[in-house]
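Undergrad: please work out how this folds:
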Amino acid sequence: MRVALDVTKATQNKGKNLEAMLEQIRKAARHKASLVLFGEAAPTGLINNDDPVHDVVIAEPIPGPTIDALARSARDARIYGYT
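TA: Prediction:
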């Protein structure tokens, strides 16, 4: 099994993060990876500042739109993706 580890810098722009993750899924598939792993803060760009009020604002449901987009991309690329 070939595994890809994505270490793309996450930003506070969730749309930009998602696009980067989708590209990394496609890239991993082109390199014949079976699995791609992302950091837990990759979709949201969470910066741990110990402020739960800040964290709640960027939280997303699971399942939800971001995870659904990642799952679709992984399925289309025939690759597993986990965050």
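
Undergrad: where in the protein is pLDDT low?
TA: 81-83 (pLDDT under 70).

Undergrad: tell me which stretches of this structure form helices.
TA: 14-30, 52-58, 65-77 (DSSP state H).

Undergrad: so of these, which one's packed in deepest?
TA: Ranked by mean neighbour count, the helices of the chain are led by helix 14-30 with a mean of 17 (mean count of other Cβ atoms under 10 Å). Any C-beta I mention is one placed from the backbone N, CA and C, and that applies to glycine too.

Undergrad: by contact count, what packs against it?
TA: strand 3-5, strand 35-37, helix 65-77 (3 or more Cβ pairs under 8 Å, 6 or more residues apart in numbering; DSSP states H and E).

Undergrad: ok so, going back, kindly reformat the helices of the chain as TSV containing distance to residue 42.
TA: What follows is the helices of the chain, written out as TSV (distance: least, Cβ to Cβ, whole Å):
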stretch	distance to residue 42
helix 14-30	6
helix 52-58	12
helix 65-77	9
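
Undergrad: all set now, cheers.
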